[in-house]
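Got a sequence here, can you model it:
(one chain, ligands or ions: 1)
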Amino acid sequence: MLDSAAMALREVLQFPDPRLKRKSVPVGRVDDELRALAADMIDVMYDEPGIGLAAPQVGQAIRLVVMDTEWNDEENGPGKNPMVMINPEILERDGELTWTEGCLSVPDFQAEVERAARVTVRYTDLEGNEHTEAAEELRAVCFQHEIDHLDGVLFIDRISRLKRNLYANKRKKALKLEQEEGPARNTAVAESAQDSS
Ligand code: NI
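Predicted structure coming up:
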């Protein structure tokens, strides 16, 4: 039986969807609509699964991010502890590191990205409380990756042009193949319909 909650999950936009390139606007106020969107985004993040999701990835060009960088450690981890960040911004960056990143909006691809090793981030939660957090390692990378989404930047915009073009071409071919297979099935259906008439 199909789970109705799973059926209602929002779709994650994928490269090269132009909506991923938009710059998102700040969230003005926290209302029921925003709370519902944040809850939906958390569901999508755990379902995919991912450790972070930004509103533009589900087609909403507002500065809202959900994150949970530890939940997949089911054995020793603290379990699910989703964090909702409204209007997050990076106050300080320090050092450099290279991290292998992937993205729910960039299917079938991972690449090394250079990031700041440590960041200090400020954001507001759903209750309107302001937080400041200093992060390093995976968490620092995740903050930078998600906040990039709010500015219309994907991690593949931070790798070499050569690697990005290789991926873009591979993706174009895959999408073309999907398109070609779609109409082919429709033709087969149309033909069998003709046969039966
Ligand atoms: Ni991403």
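
Residue 101: neighbour count?
Counted with other C-beta atoms under 10 Å, the neighbours of residue 101 add up to 21. Just so you know, the C-beta spots here come from the backbone N, C-alpha and C atoms, and that holds for glycine as well.

Please, which helix or strand holds it?
Under the criterion of DSSP states H and E, residue 101 resides in strand 97-103.

can you check residue 29 too?
Residue-wise, residue 29 maps onto no helix or strand under DSSP H and E.

ok, now residue 126?
Counting by DSSP H and E, there is no helix or strand that carries residue 126.

circling back to that earlier point, what mean pLDDT does the strand holding residue 101 get?
Strand 97-103 shows an average pLDDT of 98 in the prediction.

Pull up the pairing partners for it, direction included.
Sheet pairing here is set by DSSP bridges, and for strand 97-103 it gives strand 106-115 (antiparallel).

Need the nearest residue in space to residue 45, chain neighbours excluded.
Excluding its sequence neighbours, the residue lying closest to residue 45 (C-beta to C-beta, 6 or more residues apart in numbering) is residue 53, at 4.4 Å.

contacts for the helix or strand hosting the one you found?
Element membership for residue 53, per DSSP H and E: strand 52-54. Applying C-beta atoms under 8 Å, 6 or more residues apart in numbering, the contact partners of strand 52-54 are 12, 24, 41-42, 44-45, 64-69, 104, 142, 145-147, 149-150.

quick one: average pLDDT of it?
Here the average pLDDT along strand 52-54 is 98.

Pull up the pairing partners for that strand, direction included.
Per DSSP bridges, strand 52-54 is paired in its sheet with strand 64-67 (antiparallel).

now the helix or strand that the strand it pairs with is followed by against strand 106-115, angle please.
With elements assigned by DSSP H and E, the helix or strand that comes after strand 64-67 is strand 83-94. Counting by axes from the mean of the first three to the mean of the last three C-alpha atoms, to 10 degrees, strand 83-94 lies at 40 degrees to strand 106-115.

What helices and strands are in contact with strand 83-94?
If you count contacts as 3 or more C-beta pairs under 8 Å, 6 or more residues apart in numbering; DSSP states H and E, strand 83-94 packs onto helix 32-47, strand 64-67, strand 118-124, helix 137-150.

Swap in 10 Å and give it another go.
helix 32-47, strand 52-54, strand 64-67, strand 118-124, strand 130-136, helix 137-150 (3 or more C-beta pairs under 10 Å, 6 or more residues apart in numbering; DSSP states H and E).

Any idea which of these gets closest to residue 182?
helix 32-47 (24.4 Å; C-beta to C-beta).

Alright, calling it a day.
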